[in-house]
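Peer 1: sharing a sequence plus its predicted fold:
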Amino acid sequence: MEITMEVRNETTIQEFILEGFPAIQYLGNIFFLVHLLAYLASITGNVVIIIITWVDHRLQTPMYILLSTFSFSECCFITTVIPKLLSIFLSGRQTISFTACLIQAFSFLFFGSIIFFLMAVMSLDRYLAICKPLHYTTIMNLKTCFHLVTACFALAFPLITGLVVKVFQLSFCGPHVILHFFCDVGPLIHLSCSDTRSVDMLAFVLISFILLTSLLITLIAYSNIIVTVLRLPSARERQKAFSTCSSHLIVLSLMYSSCVFIYVKPKQRNRLDSNREAALVNTVVTPLLNPVIYTLRNKQVHRALRDAVSRVRLQKQSFGG
């Protein structure tokens, strides 16, 4: 028991070094500015979606409540990674404590899992709206929407908590350099001097389950949507529907392909360098595209934004008068 406590105490006071992107370290200021602008744009777009959804009663429908929850999760997801990456680019401070590292790993996987579960639920919502329009309001009401959102959080929490607890129980006795720009479970597990085969397999099984289950649901939903759209009599209606679906599918393809590349393989040791580039797609590129593709191109959101701006102007005029 004493030996176990000794190892645990030694482990909890360790600091890790996030390697980041050593090949482009001399361009730190430029990449700081680029990533800062991308982060602020993502946060702004998602916060606008959340505010508009909860302020405008016309958008308080299952579709937009799911989207606002997705936006909230997206804000949390990128905030677990980007601020630390910005500090690496700007100040070169690459150290992170063991506790902060585990918190970052948990938050990244937890909110990432919620995002994928929500994408599956949102694809089902679109399937019901397009393929079963007469039954949509009966099946997808606000109560059902609340239960589905709760289920996404409730399912992600025990899965990710169990995995991170297993990682916490590993021993770390050097080296301390994480070959990534944030604390992800794969690079963290590979630094352990314990036998990591069971934890490696657990991580592979859990993350594969989350990704492939949500991907399967999404593919089935969009396959049915595409079949229904092809049966529409009007070419203009088909073009409009495909325009919306294609933009959604581009983002889905980026997210799923990059995550499958990173996680759905039992052995990652030889591909950690390429994982960093793929992770940038999830943490920078798709969060920047999602607000634009999912809602800011939506006419109802545009109308709600215009109305909100008009109300603010009227209030200012009244106050000025």
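Peer 2: All right, it came through fine. Numbers count the residues shown, from 1 in each chain.
Peer 1: and the gap between the spatially most central residue of the chain and Ile78?
Peer 2: Taking CA atoms, centre = their mean, the centroid of the chain lies closest to Gly112, which sits 4.0 Å from it. Distance, Gly112 to Ile78, by CB to CB, to the nearest Å: 10 Å. All C-beta spots, glycine's among them, are computed from the backbone N, C-alpha and C.
Peer 1: run through the helices of this structure in chain order.
Peer 2: Under the criterion DSSP state H, helices of the chain are mapped to 2-12, 28-55, 62-79, 82-91, 98-131, 136-139, 142-168, 185-190, 197-230, 235-263, 272-280, 286-291, 299-320.
Peer 1: who wins for proximity to Gly174 among the ones you listed?
Peer 2: Nearest of the helices of the chain to Gly174, taken as CB to CB: helix 2-12 at 10.8 Å.
Peer 1: quick one: buried residues of stretch 72-85?
Peer 2: 72-78, 80-82, 84-85 (16 or more other CB atoms under 10 Å).
Peer 1: equivalent analysis for stretch 250-268, please.
Peer 2: For stretch 250-268, using 16+ other CB under 10 Å, the buried residues are 251-252, 254-256, 258-263, 268.
Peer 1: out of those residues, which comes closest to Val285?
Peer 2: Of these, the one sitting nearest to Val285 (CB to CB) turns out to be Leu254, at 6.6 Å.
Peer 1: which residues sit in contact with the closest one?
Peer 2: 281, 285-286, 289 (CB atoms under 8 Å, 6 or more residues apart in numbering).
Peer 1: so which of those wins on neighbours?
Peer 2: Highest neighbour count within the contacts of Leu254, by other CB atoms under 10 Å: Thr286, with 23 neighbours.
Peer 1: surely it meets Val251?
Peer 2: Yes: assessed by CB atoms under 8 Å, Thr286 is found in contact with Val251 at 5.7 Å.
Peer 1: please tabulate the helices of the chain in CSV and include mean pLDDT as additional columns.
Peer 2: Shown next, in CSV, are those (pLDDT from 0 to 100):
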stretch, mean pLDDT
helix 2-12, 42
helix 28-55, 88
helix 62-79, 92
helix 82-91, 86
helix 98-131, 92
helix 136-139, 89
helix 142-168, 94
helix 185-190, 86
helix 197-230, 90
helix 235-263, 76
helix 272-280, 70
helix 286-291, 81
helix 299-320, 66
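Peer 1: and the ones you listed as CSV, adding distance to Ile178?
Peer 2: Output for the helices of the chain, formatted as CSV (distance: least, CB to CB, whole Å):
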stretch, distance to Ile178
helix 2-12, 15
helix 28-55, 18
helix 62-79, 19
helix 82-91, 11
helix 98-131, 8
helix 136-139, 45
helix 142-168, 12
helix 185-190, 5
helix 197-230, 15
helix 235-263, 15
helix 272-280, 9
helix 286-291, 22
helix 299-320, 39
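Peer 1: for those helices, which one sits closest to Leu18?
Peer 2: Closest among the helices of the chain, using CB to CB: helix 82-91, at 6.3 Å.
Peer 1: how about residues contacting that closest one?
Peer 2: Taking CB under 8 Å, 6+ apart as the rule, helix 82-91 contacts 18, 20, 28-29, 31-32, 35-36, 39, 93-94, 96, 104, 181-182, 283-284.
Peer 1: just stretch 125-144 next, same as before
Peer 2: Contacts of stretch 125-144 (CB under 8 Å, 6+ apart): 60-63, 65-66, 221-222, 224-225, 228-229, 241, 248.
Peer 1: what do you get for stretch 98-109?
Peer 2: Counting by CB under 8 Å, 6+ apart, 11-16, 76-77, 80-81, 84, 96, 160-161, 163-164, 167-168, 172, 178, 182-185, 188, 207 sit against stretch 98-109.
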